[in-house]
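Trainee: Please find the sequence and the predicted model below.
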Amino acid sequence: MHCKRLLVVDDDRSHSAVVVGILTRNGYEADAVDNGQSAVELAATKEFAMAILDYQMPELNGVDTFQRIRELQPGLHGVLLTAYTTIDKVFPAIDSGIERVLSKPVDVHELLPVVQSIIGLPDGKAA
């Protein structure tokens with residue numbers, strides 16, 4: 001069985017709690033941190049299948065955070081969340097290896113199919 005744990009990185013703790021709630025209610029395991037540096041530190045000790053990152057955060061933005069985590073975990077998948085899905089944010093995200101850019105606030109009907117299509121269903125769940 002491969003890892004289906006997700007890492008949620010968002011400086012808005014209420015938003016990350018919503019995302020973690022969506023994921024856990026649907027059978028995934030998820031950890032949340034509120035900044036890029038904490039995400040990098042956690043990724044040094046724990047394996048993740050995917051990182052779901054807010055773009056706009058103090059110090060390290062979501063793309064920079066993803067790049068640093070991916071140095072530790074080359075197989076990591078990424079989804080970027082942003083309130084401003086403009087070309088200047090989308091292109092650098094895609095160039096960094098992030099597979100999807102979604103609008104904030106997150107829509108459960110948009111997020112879950114993206115997660116499932118990229119990393120599959122949670123362990124133990126049949127299609």
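Mentor: Done, it's in. Numbers count the residues shown, from 1 in each chain.

Trainee: Name the nearest residue to Ala51, ignoring sequence neighbours.
Mentor: Spatial nearest neighbour of Ala51, excluding adjacent residues (C-beta to C-beta, 6 or more residues apart in numbering): Leu7 at 4.5 Å. Using the backbone N, CA and C atoms, a C-beta is placed for each residue, glycine as well.

Trainee: Mind jotting down where the helices sit in the protein?
Mentor: Assigned by DSSP state H, the helices in the chain fall at 13-25, 36-43, 62-72, 87-95, 108-119.

Trainee: want to try a markdown table for the ones you listed, with distance to Gly78 as columns?
Mentor: Putting these into a markdown table (distance: least, C-beta to C-beta, whole Å) gives the following:
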| stretch | distance to Gly78 |
| --- | --- |
| helix 13-25 | 14 |
| helix 36-43 | 11 |
| helix 62-72 | 5 |
| helix 87-95 | 8 |
| helix 108-119 | 9 |
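
Trainee: right, and those - which one's nearest Met50?
Mentor: Met50 lies closest to helix 108-119 among these, at 5.3 Å (C-beta to C-beta).

Trainee: Just the buried residues of that closest one, please?
Mentor: 111-112, 114-115, 119 (16 or more other C-beta atoms under 10 Å).

Trainee: okay if I get those as JSON lines plus pLDDT and distance to Phe91?
Mentor: Formatted as JSON lines, the buried residues of helix 108-119 follow (pLDDT from 0 to 100; distance: C-beta to C-beta, whole Å):
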{"residue": "Leu111", "pLDDT": "94", "distance to Phe91": "22"}
{"residue": "Leu112", "pLDDT": "94", "distance to Phe91": "25"}
{"residue": "Val114", "pLDDT": "96", "distance to Phe91": "19"}
{"residue": "Val115", "pLDDT": "96", "distance to Phe91": "22"}
{"residue": "Ile119", "pLDDT": "94", "distance to Phe91": "23"}
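
Trainee: picking that back up, if I read this right, the residue nearest to Ala51 contacts Phe66, doesn't it?
Mentor: No. Using C-beta atoms under 8 Å, Leu7 is not in contact with Phe66, being 9.9 Å away.

Trainee: elements contacting the helix or strand of the chain with the lowest mean pLDDT?
Mentor: Least confident helix or strand, the chain: helix 87-95 with a mean of 75, by mean pLDDT, DSSP states H and E. Under the contact criterion of 3 or more C-beta pairs under 8 Å, 6 or more residues apart in numbering; DSSP states H and E, helix 87-95 touches helix 62-72, strand 77-82, strand 100-103.
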